[in-house]
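S.K.: Give me a 3D structure for the following:
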Amino acid sequence: MSMVARESGLSPTGLAHYFSDKDELLTEILRRRDVIDTSNWLAANDGANGSGWERITALTGLVRHNESQQQLMRLFTTMASEATNPDHPARQWLLEHHHQTMDTIRQACQESKKDGVLRADAPEDLIARVLVSCLDGLQLQYLSDDSMTSMAESFDLLSGALFERYKA
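M.R.: As a prediction, the model looks like this:
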């Protein structure tokens with residue numbers, strides 16, 4: 001906390017005015033990361049929200065961006081693991097993070113069905129769950145396995161396979 005205070009131009013007491021402890025501070029850093037990542041994800045669709053499967057395809061760019069953000073990935077994986085404890089202060093952030101990402105993917109699937117791009121029976125809940133699980137799991141593997149050179153390639157393969165399986 002003292003390093004963050006110093007880098008922020010605040011005294012430790014000043015930082016403590018905004019954040020009561022380290023977990024609260026780290027949770028807010030991850031919330032901010034989510035805002036930035038969502039903005040980048042949407043910007044990949046020419047500044048618009050994109051529609052349908054294009055929005056899911058744009059996630060590959062976000063995954064590629066995250067490859068250069070190893071410190072934030074380490075923070076994410078550590079906090080996400082700790083937040084599986086129901087009493088952890090970051091628990092609500094983790095639930096919101098997953099729900100928001102899954103909601104956006106489900107919405108993209110619904111739009112793709114409406115546009116005739118995906119079959120009507122495509123399981124949007126399952127697609128969302130699998131893609132979010134892939135996103136989280138790839139970060140763990142990327143950080144722990146030096147032989148892994150790209151998360152984006154793996155994510156693109158999975159999302160492409162799902163699209164091929166359920167395309168109209």
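S.K.: what does stretch 149-163 rub up against?
M.R.: 53, 56-57, 59-61, 63-64, 66-67, 118, 127, 130-131, 134-135, 138-139, 141-142 (Cβ atoms under 8 Å, 6 or more residues apart in numbering). Any C-beta I mention is one placed from the backbone N, CA and C, and that applies to glycine too.
S.K.: Can you tell me which of the residues you listed are buried?
M.R.: 53, 56-57, 59-61, 63, 66-67, 118, 127, 131, 134-135, 138-139, 142 (16 or more other Cβ atoms under 10 Å).
S.K.: avg pLDDT for the helix ranked longest in the chain?
M.R.: Counting residues, the longest helix found in the chain (DSSP state H) is helix 91-114. Helix 91-114 comes out with an average pLDDT of 92.
S.K.: And it, what's buried?
M.R.: In terms of neighbour count (16+ other Cβ under 10 Å), helix 91-114 has its buried residues at 93-94, 97-98, 101-102, 104-109, 111-113.
S.K.: Residue 141 is in contact with residue 148, isn't it?
M.R.: Yes. Under the criterion of Cβ atoms under 8 Å, residue 141 makes contact with residue 148 at 5.6 Å.
S.K.: Tell me the spacing between residue 95 and residue 153.
M.R.: Going from residue 95 to residue 153 by Cβ to Cβ, to the nearest Å gives 29 Å.
S.K.: Residue 66 too?
M.R.: 13 Å.
S.K.: pLDDT-wise, which helix or strand of this structure ranks last?
M.R.: helix 2-8 (a mean of 63; mean pLDDT, DSSP states H and E).
S.K.: Sort out which of the contacts of stretch 149-163 are in helices and list them.
M.R.: Of the contacts of stretch 149-163, the ones assigned to helices by DSSP H are 53, 56-57, 59-61, 63-64, 66, 127, 130-131, 134-135, 138-139, 141-142.
S.K.: got the contact list for the closest residue to residue 110 other than its chain neighbours?
M.R.: The shortest distance from residue 110 to any non-neighbouring residue, by Cβ to Cβ, 6 or more residues apart in numbering, is to residue 124 (6.2 Å). Going by Cβ under 8 Å, 6+ apart, residue 124 touches 105-106, 109-110, 113.
S.K.: again, only using 10 Å
M.R.: Taking Cβ atoms under 10 Å, 6 or more residues apart in numbering, we find residue 124 in contact with 102, 105-110, 112-113, 118, 166.
S.K.: Could you do residue 93 as well?
M.R.: Applying Cβ under 10 Å, 6+ apart, we find residue 93 in contact with 23, 26-28, 30-31, 34, 79-80, 83.
S.K.: Just put those residues in CSV and tack on neighbour count, pLDDT and secondary structure.
M.R.: Below are the contacts of residue 93 laid out as CSV (neighbours: other Cβ atoms under 10 Å; pLDDT from 0 to 100; DSSP: H, G, I helix; E, B strand; the rest coil):
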residue, neighbour count, pLDDT, secondary structure
23, 16, 70, helix
26, 21, 68, helix
27, 22, 74, helix
28, 14, 72, helix
30, 19, 71, helix
31, 14, 73, helix
34, 16, 72, helix
79, 20, 84, helix
80, 18, 90, helix
83, 21, 89, coil
